[in-house]
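Chemist: Predicted model follows, preceded by the sequence.
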Amino acid sequence: MRLKLACGHRKLWLQFPEDIPVNVAQALQSIKDTYPEVYERWCDSKGRLRSSLAVFVNSEHIRYRKGMDTELSDGDEVYVIPIIAGG
Amino acid sequence: MSGGYMGKILNVNLTTGKTQEEQLGQELCRDYIGGYGMAARLLYDRIPAGADPLGPDNVLGLLTGPLTGTPAVIGSRFMAVAKSPKTTGGWGDANCGGYFGPHLKFAGYDGVFLGGAAPKPLYLFINEGKAQLLDASDLWGLGVTALEDVLKERHGKDIQICSIGPAGEMLSLTACIMNDKERAAGRSGLGAVMGSKRLKAVVVRGRMKVPLHDKEKITGLRKKILKQPAPFYSILHNYGTCGITHDSALSGDSPVKNWGGAGTVDFPSERARKISDKAVVTLEGYKAYACWGCPIACGGKVVQKSGRFALEFNNGVGHKPEYETLCMFGTNLLNDDLASIVKINEICNNLGLDTITVGGTIGYIIECYESGLLTKKDTDGLEMTWGNAEAIVAMTEKIGRREGFGDVLADGIRVAWEKLGRIGTEYAVHIEGEEVPAHDPKFTPGLAPTYLLAATPARHTQGGELLIPPGLEITQGDKYVYTEKAETHWKLVCLVEVCNAAGLCMFGYLNYPIQAIPEQLAAVTGWDYDMDGMQKTGMRIFTMRHAFNLREGLNPLTRNVPGRLVGKPPLSEGNVRGVTVDYKTLNRELLEAAGWDTRMTVPSDESLRRLGMDFLIDDMSKVNVPAAAPSTNSD
């Protein structure tokens, strides 16, 4: 299964075995070793998503699915955005 | 005097032309820091209750903080303050970067208070500690761009200028105060206050040093702080705030279709990308711009010499539009023509208009037009339809010049709604006369009490859940659970109060560990600051601004609450669909936690004593504000 993990213009392609279900939390955890600098920006030391971020799957907030437990399908895009006030 | 302060402010009586220096007291500086904190404390005594905001009794202040113009990260800011003509005569303030703030201190003053009203147009020139009022008759009517060019030719290129454009001169409530041609102290309608005083500009020149208690320590701290991981540095450095436009449009944070639409449906990704991040910084001639002493450099210049929306000034070079402008004239109006927004930015900067206010006002007018409440006959022949870039540009210019239908809109939504016979009430999205910035409380419910309770309504820079600094231990939980949020909210609000009052930019606040602020304050001033002390000081500043409003008979709980902002009715599409914000519960718990009356918002004697504000107890016992209806959990 191939997933796209995106933040702004930066896109990370993730590959998972076809027969194992993957949810949003697992997709985020999977970059801990491969993209540690991105992981640190997204997750705190306990592996929790930072409160200044929001996560969307295919442009829909995960709140409308099953949150971090939202199961992903081949080709899904997980989009992480910072919540920040603009001037 | 402690470090960080020049130790004095300049009082100017524009009616008599007299200027007078005033020494700052240590206690005042320690308790209220600077900026709007210090200003609120002083102007509470100096602006009489009931004063006409556009009359000579109002006092306009331009104030820095102790970290402005120092090595602190990022000490570039100053604040404009006065009684606001926009929000029913409540407290008004606006925060601004650029170069004016530090240079006001280099010219010898922590701030300037301008009272009275000049009999003819004047400008104030502070040259190395010497103040003069000079004739501005020949400058009256000039746009900000030409004005700065003329003044620099007259006084030299090493001056910094804070000024109004024609909008401020014409007392438009959409007017702001500008510096460095393109930086705006935008909110609260303070450009009109400056215009009412017939003050065209404040010009400063100076090379004085800001005294530092421990120079070695603050320079060492700066180096240490800038080495910390900064979560938003790269997005702000590479794009500025336009870096979030696309994402915010889709997330539900940005207003879409005058707060009535959904980004995913009405302004989908392919359209949002046209006015966001790469599209902006790949505009011709893009060059980053930094405010004084800033390592982030979120601003930028672009070139637009040709086409329908060619820029008129500076040989076709203008400032790139930032997030608020891109949303208020982009997503909010369904306009994906970036060149038109670059042009609108130039018009607003030159005429001295607040882009949030004007974009919001045009959104109201477009929806009235689209729904048949207005026709071309009303709008000077302009087709005010969604996304009609040419009409939006033309109407912006008309507003800035009070020309034709622009005169009806020049004072913002509330006044326009009154003048037009109260049409389209549902489309008139403002809070007590202040148009709402481009962050939706349905996406960040903690913004609702920020917009509704702070002394200056509808402001995204007054703290809360949208502005969370690194290093702060807070409990957030589910943002759509509305109870037990008071402790976290107050913490976030109070910290921003201190950040603003100290003269710091909130992008430093958002990027570096929050503990850096008390450390820097201590290194610069020599006074002890810690996180607990910051909370208390922030609450004191918040209370002081609030007390100003209470004395005016203003209760924030009786402010109008636009249904669209809180999801009444909720949206059926997009990423904030189904959300209705329970702002009443949020407000009530905040008031209870603060020790304020939950219907009148009057602080208890005990809460005032806790903050060392005993001097307010008598005044607050006499406050006469309308009580709000009691709210319960079932509201």
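Modeler: Cool, the structure landed.
Chemist: Give the helix, strand or coil label for the residue nearest to residue B:346 when sequence neighbours are not counted.
Modeler: Residue nearest to residue B:346 in three dimensions, not counting chain neighbours: residue B:318, with 4.5 Å by C-beta to C-beta, 6 or more residues apart in numbering or on different chains. The way it works is simple: take the backbone N, C-alpha and C, and place the C-beta from them, glycine included. Recorded secondary structure, residue B:318: strand (DSSP: H, G, I helix; E, B strand; the rest coil).
Chemist: Quick check: buried residues in the helix or strand of chain A with the lowest mean pLDDT?
Modeler: Counting by mean pLDDT, DSSP states H and E, chain A has its least confident helix or strand at helix A:36-42, which shows a mean of 84. By neighbour count with 16 or more other C-beta atoms under 10 Å in any protein chain shown, helix A:36-42 contains the buried residues A:38, A:39, A:41, A:42.
Chemist: Look at residue A:11 and say how many residues are nearby.
Modeler: For residue A:11, the count of nearby residues is 11 (other C-beta atoms under 10 Å in any protein chain shown).
Chemist: looking at this, it is in a strand?
Modeler: Yes. Residue A:11 forms part of a strand when assessed by three-state DSSP.
Chemist: burial measure for the nearest residue to it once chain neighbours are set aside, as a count.
Modeler: In this structure, residue A:11 finds its nearest non-sequential neighbour in residue A:4, 5.8 Å apart by C-beta to C-beta, 6+ apart. The number of residues packed near residue A:4 is 15, by other C-beta under 10 Å.
Chemist: hang on, the earlier thing: and the furthest pair within the buried residues of helix A:36-42?
Modeler: In the buried residues of helix A:36-42, the most distant members under the criterion C-beta to C-beta are A:39 and A:41, with 7.3 Å between them.
Chemist: dump the residue contacts of residue B:359.
Modeler: Residue B:359 makes contact with B:324, B:325, B:327, B:328, B:329, B:332, B:333, B:435, according to C-beta atoms under 8 Å, 6 or more residues apart in numbering or on different chains.
Chemist: Report pLDDT for the closest residue to it other than its chain neighbours.
Modeler: Leaving out its chain neighbours, the residue that sits closest to residue B:359 by C-beta to C-beta, 6+ apart is residue B:328, at 2.6 Å. pLDDT for residue B:328: 98.
Chemist: and residue B:328, backbone torsions?
Modeler: phi -60, psi -30 (degrees, to the nearest 10).
Chemist: What of the one 4 residues further on?
Modeler: Backbone geometry at residue B:332, expressed as degrees, to the nearest 10, gives phi -70, psi -30.
Chemist: In space, what's closest to it - neighbours in sequence excluded?
Modeler: Distances taken as C-beta to C-beta, 6+ apart place residue B:255 nearest to residue B:332, at 4.5 Å, with adjacent residues excluded.
Chemist: Cross-check the contact I'm expecting between the one you found and residue B:356.
Modeler: No. Using C-beta atoms under 8 Å, residue B:255 is not in contact with residue B:356; the gap is 10.1 Å.
Chemist: what is in contact with these two at once?
Modeler: B:328, B:436, B:438.
Chemist: number of nearby residues for the last one?
Modeler: Here the count is done by other C-beta under 10 Å, and residue B:438 has 30 residues near it.
Chemist: Tell me how far the spatially closest residue to it that is not a sequence neighbour lies from residue B:135.
Modeler: Distance criterion C-beta to C-beta, 6+ apart; nearest residue to residue B:438, sequence neighbours excluded, is residue B:327 at 3.6 Å. Using C-beta to C-beta, to the nearest Å, one obtains 41 Å as the distance from residue B:327 to residue B:135.
Chemist: Alright, that wraps it up for me.
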